[in-house]
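J.: task: produce atomic coordinates for the following.
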Amino acid sequence: MSKGTDKATMNLSTEHSLEADAIGFGIDIGGSGIKGAPVNLNTGRFLTDRFRLPTPKESTPEAVGLILRTIVERFDLPEQVPIGVTFPGVVQHDVIATAANMHSDWVGTNLAEVVETHTGRAAHIINDADAAGYAEMRYGAAKDVPGVVLVLTLGTGIGSALIHNSVLVPNTELGHLIMDGDSAEKIASSGVKDKMGWSYEQWVVNLQRYVTHVELLFSPDLFVFGGGVSKDHKKFVPLLTTNAPIVPAHLRNKAGIIGAAIMAAEAEA
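T.: Predicted coordinates for the structure are as follows:
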């Protein structure tokens, strides 16, 4: 069942007394759901409730493109409002390089072209964890933090965003580091915890191994844990041993949409 506003469309600039250049629109593509919302670029807050539709079982570019069109059409966006779209994989110049949790047809596909074909709008394309990390840097837990910040999104997989002195290093994809001969996210993600029925104490054994490894590689000054499980940070963060402090993401699952919107606006500035 989708989440959204009661109206078919919204005239954002008039209802919220904002100039169009203060509005961005973000869409977050995930393995289970695709969601979008308009964002106030001054505050990093949603202007309306997000609108969510399930990701098609066969998540081909064509099938996802149709969902993107429906989401964009839900809102009466001024033409000049920038659109940012996230994807759960490596993004190089709008082209999808990896698609571990999406249809394999995405590899080599230009997502910006898919968006334009189905919506008639230009779009800026970003890795999903990079967008979430960027949003935390601009408006959330990593705001004004000097040095190295490592944002980890814990969910079905593990996403990562590496930030140094407020500069994002894109496409780190640290969830695919090798542990026990497989991707770390297949061993240490909260999705694995849920699938295996582990308690937090059981899950932390593998999560600790993973976090120790990435801390050895990058020596961050701060860890930010995002993803749905971050709301339960008090149940597992105190069980972890790290040199750097760990804080929960402030923006939770809104971060991808917010980051996509602000990065699209900055790309067009």
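J.: following the helix or strand hosting Leu68, which helix or strand comes up?
T.: In this assignment (DSSP states H and E), Leu68 forms part of helix 61-73. Using DSSP H and E, the next helix or strand after helix 61-73 towards the C-terminus is strand 83-87.
J.: quick one: list the elements packing against the helix or strand just after that following strand.
T.: Once the chain leaves strand 83-87, the next helix or strand it forms, by DSSP H and E, is strand 91-92. On a contact count with 3 or more Cβ pairs under 8 Å, 6 or more residues apart in numbering; DSSP states H and E, strand 91-92 meets strand 124-127. Just so you know, the C-beta spots here come from the backbone N, C-alpha and C atoms, and that holds for glycine as well.
J.: now do stretch 115-135, average pLDDT.
T.: The average pLDDT for stretch 115-135 rounds to 97.
J.: numbering from 75 from now on, please.
T.: Happy to do that; since the first residue is 75 now, the last one works out to stretch 189-209.
J.: tell me which residues in it are buried?
T.: 189, 192-193, 195, 197-209 (16 or more other Cβ atoms under 10 Å).
J.: any idea how far the helix holding Leu142 is from the chain center?
T.: Distance, stretch centre to chain centre, for helix 135-147: 18 Å (Cα atoms, centre = their mean, to the nearest Å).
J.: buried ones in that helix?
T.: Pro135, Val138, Gly139, Ile141, Leu142, Arg143, Thr144, Ile145, Val146.
J.: what do you get for stretch 311-324?
T.: Val311, Ala318, Ile320, Val321, Pro322, Ala323, His324.
J.: which of those fall in strands?
T.: Cross-referencing the buried residues of stretch 311-324 against strands under DSSP state E gives Ile320, Val321, Pro322.
J.: now do Thr129 against Phe99, distance only.
T.: To Phe99, Thr129 is 19 Å away according to Cβ to Cβ, to the nearest Å.
J.: which of these two has more neighbours?
T.: Relative neighbour count places Phe99 above the other of Thr129 and Phe99, with 27 against 21, counting by other Cβ atoms under 10 Å.
J.: okay, domains of this structure per the record?
T.: 86-204+328-342, 218-323 (automatic domain parsing).
J.: for the ones you listed, which one ends up most surrounded?
T.: domain 86-204+328-342 (a mean of 20; mean count of other Cβ atoms under 10 Å).
J.: phi, psi for the residue nearest to Gly249 when sequence neighbours are not counted please.
T.: Closest residue to Gly249 apart from its sequence neighbours, by Cβ to Cβ, 6 or more residues apart in numbering: Ile232 at 3.2 Å. Backbone torsions of Ile232, given as degrees, to the nearest 10, read phi -130, psi 120.
J.: contacts only, for Ile232.
T.: Neighbouring residues of Ile232 by Cβ atoms under 8 Å, 6 or more residues apart in numbering: Leu226, Leu248, Gly249, Ala258, Glu259, Ala262, Ser263, Tyr284.
J.: nearest to Ile103, of those?
T.: Gly249 (16.4 Å; Cβ to Cβ).
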